[in-house]
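Colleague: sequence and predicted structure are below.
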Amino acid sequence: MTVQPTQPVQPQAATDGRRLRSETSRLRIVEAMIALVSESPTMPPAEAVATRAGVGLRTVFRLFEDMDGLYRGIQAVMTERLGGLLEGPIVAGDWRQAVDILIDRRAEAYEMILPLQIAADSPRTRSAALREGRARLVKAQRDTLLAVLPADVLADPELVHALDLAVSFEAWRRLRTDQSADIPTARAVMRRTALALLSGRA
């Protein structure tokens, strides 16, 4: 009987396998943190995230270096999940219909990020990643709104600021948490407020 020699592991295949395992572990850790925040809107400690993900604490910090790295990982996953809800182009018959579509999209997106944004409040002042993520969210909201408004509305800075506030995440959060509005009611209030501001415009 002839014993066939064992084929050596190709370096590239080994590297690819390690990279795949690392990416899988990174996603498990991020998903664990998102799940924990959804259950209780506070940022959990790294130990709790590691336990939920089924990995060691050293693995968490090997893959993310620090908590800011983990926060950036969450932001990357949520950005992918949100897709074009916040920044995608809006195709509509006129600008009023575009504002309506914008509000529907934001209602869906805001509900997805609500627990994470609430959880981010307490550590935000000491986390560069959370401050940067917050700034990106605010800019995306404003840029998308400006893209659908007509020139005569854009020429009125006070109206633009009022609309930006009326359809902001902050407005959604207050409606859903402080005022206990359900999702359809919150969406209707946001739409009604925006339309009231725009009434009488050409």
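Modeller: Done, it's in.
Colleague: low-confidence stretches in the protein?
Modeller: The chain contains residues with pLDDT under 70 at 1-17, 125, 200-202.
Colleague: which one's the longest helix in it?
Modeller: helix 11-39 (DSSP state H).
Colleague: pull the residues that contact whichever helix or strand comes after it.
Modeller: Using DSSP states H and E, the next helix or strand after helix 11-39 towards the C-terminus is helix 46-53. For helix 46-53, the external contacting residues (CB atoms under 8 Å, 6 or more residues apart in numbering) are 25, 28-29, 31-33, 35-36, 44, 56-57, 59-61, 67, 70. Just so you know, the C-beta spots here come from the backbone N, C-alpha and C atoms, and that holds for glycine as well.
Colleague: same for the longest helix of the chain, what does it pack against?
Modeller: helix 46-53, helix 57-64, helix 67-82, helix 95-120 (3 or more CB pairs under 8 Å, 6 or more residues apart in numbering; DSSP states H and E).
Colleague: dump those helices into a markdown table; add distance to Ala162 as well.
Modeller: Shown next, in a markdown table, are these (distance: least, CB to CB, whole Å):
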| stretch | distance to Ala162 |
| --- | --- |
| helix 46-53 | 40 |
| helix 57-64 | 40 |
| helix 67-82 | 25 |
| helix 95-120 | 13 |
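Colleague: closest one to Arg126 among these?
Modeller: Nearest to Arg126 among the helices and strands packed on helix 11-39 is helix 67-82 (9.6 Å), distances taken as CB to CB.
Colleague: what about the closest residue in space to Met67 that isn't next to it in sequence, distance to Asp66?
Modeller: Once flanking residues are discounted, Met67 sits nearest to Ala46: 6.6 Å by CB to CB, 6 or more residues apart in numbering. Using CB to CB, to the nearest Å, Ala46 is found at 9 Å from Asp66.
Colleague: more neighbours, those two?
Modeller: Using other CB atoms under 10 Å as the criterion, Ala46 and Asp66 rank with Ala46 on top: 17 against 13.
Colleague: if I look at the more buried one, how far off is Glu31?
Modeller: Going from Ala46 to Glu31 by CB to CB gives 15 Å.
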